[in-house]
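Colleague: Got a sequence here, can you model it:
(2 chains)
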Amino acid sequence: MTTLSSNEGSDGLQVRRVGWKEMYLKEDWWAIWIGIGLMMLAVALFSNGNTFLKSLAINPGGLKWSSIDQLTEHFSNNAKLYALQFISWLVIFGTTSRVMGVKLSRFVPAFVFLYILSIVMFSIAGWVNAAKFNLEAPLVALVVGLIISNVFKLPAWMDSAFRVEYFIKLGIVLLGATFPITLVVTAGPVAIGQATLISVTTFLVIYFSATRLFGLDRRLGAVIGAGGSVCGVSASMAISASVGAKKEHLYTSVTLVVGWALVMILLLPFVSKALGLSAGVAGAWVGTSEFADAAGFAAASAYGKMAGNEDAAIKAFTLMKVIGRDLWIGIWSVVLALIATVVWDKKEYGIKPDIREIWWRFPKFVIGFFVASLIMTMVTSGYTAAEFNSSVKPNLILPLVSLRTWAFIFCFLSIGLTTRFRELNPVGWKAFLAFSIGVVVNVLLGYLMSVHVFADHWSSL
Amino acid sequence: MTKRKSCWECSFFVNDPGELEQAVPGLNILSSAFGSVRADTGLCSATQTFVTPIPACDAFKTKADRAINN
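Modeller: Coordinates of the predicted model:
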């Protein structure tokens, strides 16, 4: 292995370059600028009695159509609004993606495709019998995307517009606008405690299964451990740098996380339904059982719609996954770097731990979530319950919910459209088993805590 | 003052988000090279490991160096 230089840069051993430029180079920050921007626009228009954003946030998901004529009439009557909406999304995502380095020549045609497909997904969800056949939009979008990408072979350049993480981050910031800050304060500590216990346990199970039971490289153990217990491939990537992981270690994590995440998206909602779980309890369970925000939102949203309370399911999920797990990735990164250099062998794995990694790796979009929650709580606090229900909810909150739903549908479709099974690297049986043992422990422990120990807490959301 | 050489100037260091997503198939399915969590992490194609940029190691080569040697 190449010897690393012992020279010290001005920042210890690490040489930073991106730094604060991330405020326009990273999608987390663009999710904040766009999400907060849309929210402030909504508040400003609402304050002036203007319903433009309400019109622009149109979608056919709530139509409950029973004949094709109804559907075509809806699109015919609102063609200009949909055209304006499409252009708005195209400008917002196209411009920001260009700034981040994505080629517009690739982004634009792919986004046109994504938007049209999203309209189809909303239309299916808006069918009067959709719920009867469990045609929940998140699951339909995922399955349709998977079929298209694996049967029809879309060109890889179209991934330029299938930005799973960008869309889910924007969706989460917009979710903040409908998430009372008081709920974060009262329910957050339980979520953090529960998620931490489960994350640490799962990581240790995967790591020691991989290294002690199956004799795998400890860097691989750490990478797949983080993938299965913290926040999926993003966590694996962060930890890869901390422990000096090889490229193939991350390949393994990608295949394992994606594979199991897809299984969970499809399994968890139906198992929750079979068990008759309340939406909040199921949302919390999904929060510790799923590996990535996008996959988890798909599962939580799908079950929430089945249970007739999507709001409770995604709130519980957000508390558990975003606040309970995602926030702490920087700490995991520093701790594992410390372990790699102090407990393992500094010469072989030695990247000096840097406490500033806690900030630089912090998932910044969560700041947007908190800010949105804070601002909207303040804006709506002066209204009576009657005023809230008659004016604030239909003219301010619901348009933001619709915009959020658009972001989520873009995300769920993109998961399917980017998952090309033939391109995923094969995984050895030892790594598969080590990870799977962790998955089982993770799911069971999460079930025990969400469905039994803290059932009353999550049911009350 | 001469700028200290680091991974950033090395031809083996892959840090562009688009290139990273191509180098790791499936990275963009449930993650992203454009996210904050990645920070400055990139792929060193000399050692095939993920690194946070450090001062130049023994394998350091600029693009010009590699072009001459090729």
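
Colleague: Okay, and residue B:59 sits in which element?
Modeller: Remark: residue B:59 resides in no helix or strand, with elements defined by DSSP states H and E.

Colleague: Just give me the neighbour total for the nearest residue to it once chain neighbours are set aside.
Modeller: Nearest residue to residue B:59, sequence neighbours excluded (Cβ to Cβ, 6 or more residues apart in numbering or on different chains): residue B:46, at 4.1 Å. Yep, even glycine has a C-beta here, placed from its N, CA and C like the rest. Residue B:46 has 18 neighbours, counted by other Cβ atoms under 10 Å in any protein chain shown.

Colleague: need the contact list for the most centrally placed residue in chain A.
Modeller: Taking Cα atoms, centre = their mean, the centroid of chain A lies closest to residue A:293, which sits 2.5 Å from it. Residues near residue A:293 by Cβ atoms under 8 Å, 6 or more residues apart in numbering or on different chains: A:165, A:168-169, A:172, A:231, A:321-322, A:326.

Colleague: doesn't residue A:161 make contact with residue A:111?
Modeller: Yes - the pair residue A:111 and residue A:161 qualifies as a contact (Cβ atoms under 8 Å) at a distance of 4.0 Å.

Colleague: Now for the two: what residues contact both?
Modeller: residue A:93.

Colleague: The two: who's more crowded?
Modeller: Neighbour tally, residue A:111 and residue A:161, criterion other Cβ under 10 Å: the higher count belongs to residue A:161, 26 against 23.

Colleague: What pLDDT is listed against residue B:57?
Modeller: pLDDT recorded at residue B:57 is 87.

Colleague: so is it in a helix, a strand, or just coil?
Modeller: Using DSSP: H, G, I helix; E, B strand; the rest coil, the structure places residue B:57 in coil.

Colleague: Phi and psi next, for it.
Modeller: With angles defined as degrees, to the nearest 10, residue B:57 sits at phi -100, psi -170.

Colleague: quick one: the strands in the stretch 301-450 of chain A?
Modeller: Taking DSSP state E, counting those that start in this stretch, the stretch 301-450 of chain A contains no strands at all.

Colleague: make that chain B, sorry
Modeller: For chain B, the strands defined by DSSP state E cover B:13-14, B:42-44, B:49-51.

Colleague: which one of those strands is the most hemmed in?
Modeller: Among the strands of chain B, strand B:49-51 has the highest mean neighbour count (mean count of other Cβ atoms under 10 Å in any protein chain shown), at a mean of 25.

Colleague: And the helices in the stretch 201-350 of chain A?
Modeller: Using DSSP state H, counting those that start in this stretch, the helices of the stretch 201-350 of chain A run over residues A:218-226, A:232-243, A:247-275, A:279-289, A:293-307, A:310-317, A:329-338, A:346-349.

Colleague: which residues touch residue B:12?
Modeller: Applying Cβ under 8 Å, 6+ apart, the residues near residue B:12 are B:44-47, B:59-61.

Colleague: Just among these, which is most surrounded?
Modeller: residue B:44 (22 neighbours).

Colleague: how about CSV for the helices of the stretch 201-350 of chain A, with mean pLDDT added?
Modeller: Formatted as CSV, these follow (pLDDT from 0 to 100):
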stretch, mean pLDDT
helix A:218-226, 96
helix A:232-243, 94
helix A:247-275, 96
helix A:279-289, 96
helix A:293-307, 94
helix A:310-317, 95
helix A:329-338, 93
helix A:346-349, 56
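
Colleague: For the nearest residue to residue A:264 once chain neighbours are set aside, grab the count of nearby residues.
Modeller: Using Cβ to Cβ, 6+ apart and skipping residues adjacent in sequence, the residue nearest residue A:264 is residue A:290, 5.3 Å away. Residues near residue A:290, counting by other Cβ under 10 Å, number 31.

Colleague: Around chain B, which positions in the stretch 151-300 of chain A sit nearby?
Modeller: A:159, A:162-166, A:169, A:231-238, A:240-241, A:244-248, A:250-251, A:254-255, A:257-258, A:261, A:291-292, A:294-295 (Cβ under 8 Å from any Cβ of the partner chain).

Colleague: which residues of chain B fall in helices?
Modeller: Assigned helices in chain B, in chain order: B:17-23, B:63-69 (criterion: DSSP state H).

Colleague: Give me whichever of these is most buried.
Modeller: helix B:17-23 (a mean of 18).

Colleague: average pLDDT for it?
Modeller: Here the average pLDDT along helix B:17-23 is 95.

Colleague: For residue B:4, give its distance to chain A.
Modeller: Distance, residue B:4 to chain A, by Cβ to the nearest Cβ, to the nearest Å: 6 Å.

Colleague: How about residue B:26?
Modeller: 4 Å.

Colleague: For that residue, what are phi and psi?
Modeller: According to degrees, to the nearest 10, residue B:26 has phi 90, psi -10.

Colleague: burial of the closest residue to it other than its chain neighbours, as a residue count?
Modeller: Leaving aside its sequence neighbours, residue B:26 sits nearest to residue A:254 (Cβ to Cβ, 6+ apart; 4.1 Å). Residues near residue A:254, counting by other Cβ under 10 Å, number 28.

Colleague: who's in contact with residue A:254?
Modeller: Contacts of residue A:254 by Cβ under 8 Å, 6+ apart are A:233, A:236, A:424-425, B:24-27, B:29, B:31.

Colleague: which of the residues you listed are buried?
Modeller: A:233, A:236, A:424, B:24-27, B:29, B:31 (16 or more other Cβ atoms under 10 Å in any protein chain shown).

Colleague: Hmm, residue A:451 is touching residue A:288, no?
Modeller: No - contact criterion Cβ under 8 Å: residue A:451 and residue A:288 do not qualify, at 11.3 Å.

Colleague: Mind checking which of the two has more residues around it?
Modeller: Comparing residue A:451 with residue A:288 by other Cβ under 10 Å, the one with more neighbours is residue A:288, at 27 against 19.

Colleague: The more buried one reaches residue A:445, doesn't it?
Modeller: Yes - with contacts counted by Cβ under 8 Å, residue A:288 reaches residue A:445, the gap being 7.5 Å.

Colleague: Mutual contacts of the two, please.
Modeller: Joint contacts of residue A:288 and residue A:445 (Cβ under 8 Å, 6+ apart) are residue A:198.

Colleague: neighbours around residue A:185, how many?
Modeller: Neighbour tally, residue A:185, other Cβ under 10 Å: 10.

Colleague: To clarify, my last question referred to residue A:28.
Modeller: 26.

Colleague: Looks to me like it is in a helix.
Modeller: Yes - assessed with three-state DSSP, residue A:28 lies in a helix.

Colleague: contacting residues around it?
Modeller: Residue A:28 neighbours (Cβ under 8 Å, 6+ apart): A:22, A:169, A:363-365, A:368, B:35-36.

Colleague: can I get the residues you listed in JSON lines with neighbour count and pLDDT?
Modeller: Shown next, in JSON lines, are those (neighbours: other Cβ atoms under 10 Å in any protein chain shown; pLDDT from 0 to 100):
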{"residue": "A:22", "neighbour count": "19", "pLDDT": "93"}
{"residue": "A:169", "neighbour count": "34", "pLDDT": "97"}
{"residue": "A:363", "neighbour count": "25", "pLDDT": "95"}
{"residue": "A:364", "neighbour count": "22", "pLDDT": "96"}
{"residue": "A:365", "neighbour count": "30", "pLDDT": "96"}
{"residue": "A:368", "neighbour count": "27", "pLDDT": "97"}
{"residue": "B:35", "neighbour count": "24", "pLDDT": "95"}
{"residue": "B:36", "neighbour count": "29", "pLDDT": "95"}
